[in-house]
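> Using only what follows, build the 3D model:
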Amino acid sequence: MHNHAPEGYACPFCLVAKGIENEKLRTKQSDVIYRDEYITAFITLGWYPNNKGHVLIIPNEHFENIYELPSDYSSRIHDFEKQVAIALKEVYNCDGVSSRQHNEPAGYQTVWHYHLHVFPRYYDDDLYFSYNLGYKAAVEERAVYAKKLRDYFLQREF
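Here you go, the predicted structure:
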C-alpha cells in the first residue's frame, strides 16, 4: 500500500537496525543510542545548524511508511519518543522538543523505511526555515551527542 521504494531498494535503515556497517552506509553503529527488540534510535547525520544531534527512531523490521506500521511497533516508537524528548531536555538543556515523520514523496520521505525525527528546540532556532542550511555531520561530531544520550539511556531501564 502506497509504496515508493524502487525495485531492488537496499534499505540503509535495515542495515543500521541489524548492526551492519559498510563503506556505503554513512550512519555508523557509534551513532546508535538505544536498541531493543522493536526499535533502534540513533543520532542522524543530517543536521540543522541550530538543532544539532537530533534523533531518529526506527522499527527494526522494515515498514516503508506509517500506512504499514503495526500498532505494537507504533506504540513502542512513540513511547520511546517521549523518553528521547525527556533525555534531550536533560542532556542538551534545550528549551523544547519537536517531532516529525514523513510519508511518500509528497510528504518529503527520502528513506523508504518508517522513521520518526525528534529534534531539540531552542528559542528562535528557525528549524523549519533552515533546511537548506543543513549539512551532513561527521562521525566524530555525531559521536559527542551519541555518547551523551547513550550514557543517559544506559542509566535507565525501559
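
> For the spatially most central residue of the chain, list each beta-bridge partner.
Closest to where the C-alpha atoms of the chain average out (Cα atoms, centre = their mean) is Leu56, at 0.7 Å. Beta-bridge pairing for Leu56 (DSSP bridges): Phe42, His117.

> Is it correct that it is in contact with His117?
Yes: under the criterion of Cβ atoms under 8 Å, Leu56 lies in contact with His117, with a separation of 6.0 Å. (Each C-beta comes from the backbone N, C-alpha and C, glycine too.)

> and for the two, which residues touch both?
Counting by Cβ atoms under 8 Å, 6 or more residues apart in numbering, the shared contacts of Leu56 and His117 are Thr44.

> just to revisit the earlier point, separation between the residue nearest to the centre of the chain and Thr44?
Leu56 sits 5 Å away from Thr44, going by Cβ to Cβ, to the nearest Å.

> Can you pull the residues that touch both of those two?
Shared contacts of Leu56 and Thr44, counting by Cβ under 8 Å, 6+ apart, come down to His117.

> Which residue, other than its chain neighbours, is closest to Asp125?
Nearest non-adjacent residue to Asp125, counting by Cβ to Cβ, 6 or more residues apart in numbering: Asn50, 3.9 Å away.

> helices or strands up against the longest helix belonging to the chain?
When the chain is scanned for its longest helix (criterion: DSSP state H), the result is helix 71-92. With contacts defined as 3 or more Cβ pairs under 8 Å, 6 or more residues apart in numbering; DSSP states H and E, helix 71-92 has these neighbours: strand 39-43, strand 55-59, strand 96-100, strand 116-121, helix 139-154.

> where are the low-confidence patches of this protein?
Under the criterion pLDDT under 70, the flagged ranges of the chain are 1, 158.

> still on that earlier bit, format the helices and strands packed on helix 71-92 as TSV; extra columns: distance to Cys14.
Compiled in TSV, those are given as follows (distance: least, Cβ to Cβ, whole Å):
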stretch	distance to Cys14
strand 39-43	10
strand 55-59	9
strand 96-100	22
strand 116-121	16
helix 139-154	20
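
> ok so, going back, got the contact list for the residue nearest to the centre of the chain?
Leu56 neighbours (Cβ under 8 Å, 6+ apart): Ala41, Phe42, Ile43, Thr44, His115, Leu116, His117, Val118.

> Report the two of the residues you listed separated the most.
The widest separation within the contacts of Leu56, taken as Cβ to Cβ, falls between Ile43 and Leu116 and amounts to 13.8 Å.

> And these two? Which one has more around it.
Of the pair Ile43 and Leu116, Ile43 is the one with more neighbours under other Cβ atoms under 10 Å, namely 28 against 23.
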